[in-house]
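# Okay, here's the prediction I keep looking at, along with the sequence it came from:
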Amino acid sequence: MSISVTTKTAIKLFVLCAMLMGLPLLGVVLAGKPVDSFLEFPPRTRYVSHEPFSWTVFLGLALLVSAVVAPFAAHRPDRVMIRPERRFERARRLLPWWGWVGVGVIVVSWIVAWGRFSWVAWFQAHTFAPLWLGYILTVNGLLFGRTGKSPLTHRTAAYLSLFPISAGFWWFFEYLNRFVQNWYYLGEPLDPWSYFWYATLPFSTVLPAVLATRAWLRSVFQFDERFRSFMPVQVSRPRPLAVCVLVIAGIGLSCLGVRPNLLFPLLWISPLLIIVSVKTLLGEPHVFSPASKGDWGGIVTAALAALICGFFWEMWNFWSHARWVYSIPYVHRFPLFEMPLLGYAGYLPFGLECVAAAELFLGRKTVEIF
């Protein structure tokens, strides 16, 4: 019996929400811990004691990250070339007018965010959303200037739908962070309703920014050609493997609040593992499917897009009035802005997570068109 697309989407969302929201809380209850602190909103209490820096763990993770990244960096470096521009009559300039508006919004918001001007003090805690709306306009404008089209102008409805999807997407990470407390927000305390709305607007810019950056990277650099015949990875029995991954992810999420220092990486990879596993069980293609034929271009550009956005997230956050700070066990050393150096490795799977989340709601074909 075939399952409809709507039913499949409902199954994926149910499994994702049940595992991400239910299992960490269930683990805390079974461990006999009080749940009130984990559900505090807005979050203010710090109750996780993080392990100090460890050279052993730092070097071990650094070697692991290097081992994963090195084959991609070494594969046909001659193919990272800039594509010839395909200019159209209506896109002869570097940026359309609305792209320059984006640049202007970035400049003004950046000055306000990092300045300490008393006459705009009321706005300084809320510059994150304008900065990223400006970024989104600018990147879409750069893409439009090269190709004559962009997600914002030619897939407008689908692209705009990413904003509410993104808000819900990032609230999941905020919820999971309650169990590991790897970051904290600084600034004036807010009531729950104000906190929800002030946070939701910035959260809504995450997916549009990453997806636009990915589209721009694919238009400028020949990553698709470079990694089209890279390393075929075929799994002989994908469904049993998917079940194993779901079980392991489920156990890890259940223990997240009990062993936060050990399991904090699950905060970044568990949503991706769940989405890919459920799609595999339903017989659907997923973000890793092209790798079975050796095509890693889309995977690489997604990871790089999140890393680029991560750089700007951390840079603009660094001197802002309302900002976040990190507390990461074992590896909290050598910060670039507020983020410890090894923490940037988390943006690589996060890029795949962004694509997987967009595909979950919009479909793989629509996201690839971006």
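Cool, got the structure.
# alpha carbons only for contacts and neighbour counts from here, please
Noted.
# Scan the helices and strands of this protein for the one with the lowest mean pLDDT.
One helix or strand of the chain scores below all others by mean pLDDT, DSSP states H and E: helix 223-226, with a mean of 83.
# Packing partners of that helix?
Packed against helix 223-226 by the contact rule (3 or more CA pairs under 8 Å, 6 or more residues apart in numbering; DSSP states H and E) you find helix 297-318.
# Alpha carbons of the helix it packs on, as CSV, please.
The C-alpha atoms that make up helix 297-318 are tabulated as CSV, following Å, rounded to 0.1, in the frame of the first residue of the first chain:
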residue,chain,number,x,y,z
GLY,A,297,28.6,18.9,-4.5
GLY,A,298,25.3,19.8,-2.8
ILE,A,299,26.6,18.5,0.5
VAL,A,300,29.8,20.5,0.4
THR,A,301,28.0,23.7,-0.6
ALA,A,302,25.4,23.3,2.2
ALA,A,303,28.2,22.9,4.8
LEU,A,304,30.2,25.8,3.5
ALA,A,305,27.0,28.0,3.4
ALA,A,306,26.4,27.4,7.1
LEU,A,307,30.0,28.0,7.9
ILE,A,308,29.9,31.4,6.0
CYS,A,309,26.7,32.4,7.8
GLY,A,310,28.2,31.1,11.1
PHE,A,311,31.2,33.5,10.6
PHE,A,312,28.8,36.5,10.3
TRP,A,313,26.5,35.3,13.1
GLU,A,314,29.5,35.2,15.5
MET,A,315,31.1,38.4,14.2
TRP,A,316,28.0,40.5,14.4
ASN,A,317,27.2,39.0,17.8
PHE,A,318,30.6,39.8,19.3
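# got the contact list for it?
110, 113, 128, 209-211, 213-214, 217-218, 223-228, 287-288, 323-324, 337-339, 344, 347-352, 355 (CA atoms under 8 Å, 6 or more residues apart in numbering).
# which stretches of the stretch 201-350 of the chain form helices?
Secondary structure of the stretch 201-350 of the chain (DSSP state H, counting those that start in this stretch): helices at 206-220, 223-226, 238-254, 260-263, 266-281, 297-318, 347-362.
# no wait, the stretch 51-200 of the chain
55-74, 97-114, 128-147, 151-154, 156-180, 192-203.
# Let me know which of these is tucked in deepest.
helix 128-147 (a mean of 24; mean count of other CA atoms under 10 Å).
# Give me the contact list for that helix.
Residues contacting helix 128-147 (CA under 8 Å, 6+ apart): 85-88, 91-96, 98-106, 109-110, 149-152, 201-202, 205, 208-209, 212-213, 215-216, 219, 316-317.
# Now do that helix against helix 297-318, angle only.
Comparing the axes of helix 128-147 and helix 297-318 via axes from the mean of the first three to the mean of the last three CA atoms, to 10 degrees yields an angle of 140 degrees.
# How far away from the center of its chain is helix 128-147?
17 Å (CA atoms, centre = their mean, to the nearest Å).
# Ok, stretch 154-169 next?
14 Å.
# Identify each buried residue in stretch 234-249, please.
R239, A242, V243, V245, L246, A249 (16 or more other CA atoms under 10 Å).
# Run through the residues that contact V245.
L273, I274, S277.
# If I look at the second one, what pLDDT would I see?
Meaning I274. I274 is assigned a predicted lDDT (pLDDT) of 96.
# list the contacts for it?
When contacts are taken as CA under 8 Å, 6+ apart, I274 is in contact with V15, L16, V245, L246, A249.
# Can you lay out the contacts of V245 as CSV showing distance to C255?
Below are these laid out as CSV (distance: CA to CA, whole Å):
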residue, distance to C255
L273, 16
I274, 16
S277, 20
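# that older thread, out of the helices of the stretch 51-200 of the chain, which is closest to I269?
helix 156-180 (10.6 Å; CA to CA).
# Just the angle for that closest one relative to helix 192-203, thanks.
Using the same axes, to 10 degrees: helix 156-180 against helix 192-203 is 120 degrees.
# just checking, what packs against helix 156-180?
helix 151-154, helix 192-203, helix 206-220, helix 260-263, helix 266-281, helix 347-362.
# hmm, back to that, can you redo the contacts of I274 as TSV with distance to E359?
Output for these, formatted as TSV (distance: CA to CA, whole Å):
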residue	distance to E359
V15	16
L16	14
V245	20
L246	19
A249	21
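# Just give me the closest of these to F117.
Out of the contacts of I274, the member with the shortest distance to F117 (by CA to CA) is L16, at 43.9 Å.
# what helix or strand does that closest one sit in?
helix 5-17 (DSSP states H and E).
# Quick one: mean pLDDT for that helix?
89.
# Using PDB, write out every CA atom in it.
Extracted C-alpha coordinates of helix 5-17, given in PDB (Å, rounded to 0.1, in the frame of the first residue of the first chain):
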ATOM      1  CA  VAL A   5       2.900  12.600   0.400                       C
ATOM      2  CA  THR A   6       0.900  14.300   3.100                       C
ATOM      3  CA  THR A   7       0.900  11.200   5.300                       C
ATOM      4  CA  LYS A   8       4.600  10.800   4.900                       C
ATOM      5  CA  THR A   9       5.200  14.500   5.900                       C
ATOM      6  CA  ALA A  10       3.000  14.000   8.900                       C
ATOM      7  CA  ILE A  11       5.000  10.900   9.900                       C
ATOM      8  CA  LYS A  12       8.300  12.700   9.600                       C
ATOM      9  CA  LEU A  13       7.200  15.600  11.600                       C
ATOM     10  CA  PHE A  14       5.600  13.500  14.300                       C
ATOM     11  CA  VAL A  15       8.700  11.300  14.800                       C
ATOM     12  CA  LEU A  16      11.000  14.400  14.700                       C
ATOM     13  CA  CYS A  17       9.000  16.400  17.300                       C
END
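# quick revisit: could you save the helices of the stretch 201-350 of the chain as a markdown table and add columns showing distance to F123?
Converted to a markdown table, the helices of the stretch 201-350 of the chain look like this (distance: least, CA to CA, whole Å):
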| stretch | distance to F123 |
| --- | --- |
| helix 206-220 | 21 |
| helix 223-226 | 40 |
| helix 238-254 | 38 |
| helix 260-263 | 35 |
| helix 266-281 | 31 |
| helix 297-318 | 15 |
| helix 347-362 | 29 |
